[in-house]
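Student: Mind folding the following:
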Amino acid sequence: MRLKPTLFLLFISPYLFGQYTDQINSNRPGASIGAFSVGTRIIQFEAGTEYRSYKHKGYNNSKVNGKIGFFSLRYGFLKEQLELTYEAVYQLDKQENRLIHPSIEQKREGFLTNFLGIKYLLYDPYKRETEPNVYSWKANNGFKWRDLLPAVSLTLGVNAVIDPATPYPYGNFFDNLYNPIFYRNLGVKTDREPFISGRATLATQHHFLGTWVFVTNVTYDRIISDFPDLNYILTLTHTINPLWSIYLETQGYNSYKYSDQIFRSGAAYLLTDDIQIEATVGVNTKDTPSVFFMNAGVSYRLDFHKDIDPEEKAKNKAERKEEKGIRKGAKKAEKASKKRDRRAKRN
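Tutor: Predicted coordinates for the structure are as follows:
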C-alpha cells in the first residue's frame, strides 16, 4: 500500500531512478493511496474480494449481507511522477427489510465505485538522496530531520454512475428503506447520483525509522453532486522483514448523507517481486448502521520499466544538445549557400 514489503529494500538501496522500486508498490491492503506512483512503463493490477455485513438499528435492525469485488488498474506514463488510475468496486448482496413483518429479503447488485483519475507527485523529499551509508546501520535507519517532510501527491478524476437506478446511491445500502414507513405512500423517491461527479485526493507519505510508513489521505468526493462528502484516512504501516508487513488504519466520513469512523487492520506478504497478497478485517463505531468486513486480495505488476543511469542521462542530454547545434549550424550553412547561389545567378 505504501511501499510495504518494498520498504526494507528502499532504505538499503540507492534512490537512483525516481519512484520505481525493484519490488511491487501496492495501494493494498487498506483504503488509502500512497503518494508515489508505480513508475514509468509499469502496468499494475490490484484486486480483492470482501465479505461485508451491515445492521441498521434505525431500521429495526434491518440487515445487508454481501460480497464485494475490488479492482484497480495503475499505469505509470510519461514521467515518474505521473500515474493513471482506474478503480471499480462492485457489490452483490441480500437485504433483509425488518420494518415490516414478516421481513422481506431481496437480492441486489451494482457498482459502488467507478473512478478514473491521474495522480501527480508534487513533492519528493527523497529525490536528492543518492546512496546509503554502507558503514553505519544507524545512519540509514535512525531519525533524520528529513523524515518530518512527507512526499505529497494530488489525484484528480471523475466518478461515473453507470446505472442511474443503482441500489446504492451515495454509498447508502439502506436507501430504499424509509422511516417512518408511510413515506412510501407519499411517493418519496430514493436519491439519485449524477452521471458524472468529481474527486480530489491529497496524499502525504512519511518514511521514518527505516521500517515505518505513515500515509494520510484527504478526499473531497462527489464534487458537483447534491451531496458531496469529505473523508480522511490515516494509515500506519510497519515492515517486519523483507516479506511481511502489517498496518493499522482509520477512515472518517463526513457528509450530509453519512458520517462514520472505520478501523482496519491487516497484513501483506510479498510472494515475488511482482506479486503481493494480503488480508484485512475492519469494523466501524456506530450502529446506524454497524458494519463488519473482512477481505483478501492480490496485487500483480507487469514490469516494463527501463532504468537510466543519471550520468548516462546527462550524457545523452549533452549529445542531443550537440546534435541539435550541429543540425542548426548545417541548416544555417545551407541557407547561406542558397543565398550565395541566388546572388551569383543575378550577377
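
Student: Could you pull out the helices in the protein for me?
Tutor: 7-10, 137-141, 310-346 (DSSP state H).

Student: Quick check: mean pLDDT of the first one?
Tutor: Mean pLDDT, computed over helix 7-10, is 39.

Student: With the second one instead?
Tutor: Average pLDDT, helix 137-141: 60.

Student: Comparing the helices of the chain by mean pLDDT, which bottoms out?
Tutor: helix 7-10 (a mean of 39).

Student: Relative to residue 57, how far out is residue 191?
Tutor: As judged by CB to CB, to the nearest Å, residue 191 and residue 57 stand 21 Å apart. For every residue, glycine as well, the C-beta is placed using N, CA and C.

Student: For the stretch 101-250 of the chain, give me the ranges with low pLDDT.
Tutor: Along the stretch 101-250 of the chain, segments meeting pLDDT under 70 span 128-147, 178-190.

Student: ok, 80 please
Tutor: Flagging of the stretch 101-250 of the chain using pLDDT under 80 yields the residue ranges 126-148, 178-191.

Student: can you pull the buried residues of stretch 204-217?
Tutor: 204, 205, 206, 207, 208, 210, 211, 213, 214, 215, 216, 217 (16 or more other CB atoms under 10 Å).

Student: The fourth one contacts residue 149, correct?
Tutor: No: counting by CB atoms under 8 Å, no contact exists between residue 207 and residue 149, whose distance comes to 10.1 Å.

Student: just to revisit the earlier point, could you identify the most distant pair in the buried residues of stretch 204-217?
Tutor: 210 and 217 (23.3 Å; CB to CB).

Student: number of nearby residues for residue 164?
Tutor: The burial count assigned to residue 164 is 10, neighbours taken as other CB atoms under 10 Å.

Student: Just read off the phi/psi values of it.
Tutor: Dihedral pair for residue 164: phi -60, psi -20, per degrees, to the nearest 10.

Student: Check the spacing between it and residue 29 real quick.
Tutor: From residue 164 to residue 29 the distance is 32 Å (CB to CB).

Student: Kindly report the same for residue 243.
Tutor: Here residue 243 is placed at a distance of 15 Å from residue 29 (CB to CB).

Student: Among the two, which residue is more densely surrounded?
Tutor: residue 29 (31 against 14).

Student: How about that one, nearest residue that isn't a chain neighbour?
Tutor: residue 278 (4.0 Å; CB to CB, 6 or more residues apart in numbering).

Student: Please read off the pLDDT at that neighbour from the model.
Tutor: 96.

Student: who touches it in this structure?
Tutor: Shown in contact with residue 278 (CB atoms under 8 Å, 6 or more residues apart in numbering): 26, 28, 29, 48, 266, 267, 268, 269, 296, 297, 298, 299.

Student: Quick check: of these, which lies closest to residue 176?
Tutor: Among the contacts of residue 278, and counting by CB to CB, the member closest to residue 176 is residue 48, at 27.0 Å.

Student: Give the bridge partners for the spatially closest residue to the closest one that is not a sequence neighbour, please.
Tutor: Closest residue to residue 48 apart from its sequence neighbours, by CB to CB, 6+ apart: residue 297 at 2.5 Å. On the basis of DSSP bridges, residue 297 takes part in beta bridges with residue 48, residue 278.

Student: Neighbours of residue 297, how many?
Tutor: By other CB under 10 Å, neighbour count at residue 297 equals 22.

Student: Do I have it right that it meets residue 31?
Tutor: No: using CB under 8 Å, residue 297 makes no contact with residue 31, being 11.8 Å away.

Student: Now do the strands in the protein.
Tutor: For the chain, the strands defined by DSSP state E cover 42-56, 62-76, 82-97, 104-123, 151-160, 196-208, 212-223, 229-239, 244-255, 259-272, 275-284, 290-303.

Student: now residue 153: how far from residue 80?
Tutor: 12 Å.

Student: So for the two, which residue has more residues nearby?
Tutor: residue 153 (24 against 19).

Student: For the closest residue to the more buried one other than its chain neighbours, list the residues it contacts.
Tutor: With sequence-adjacent residues excluded and distances taken as CB to CB, 6+ apart, residue 153 is closest to residue 35, at 4.1 Å. Contacts of residue 35 were listed using CB under 8 Å, 6+ apart, and they are 121, 150, 151, 152, 153, 203, 204, 205, 215.
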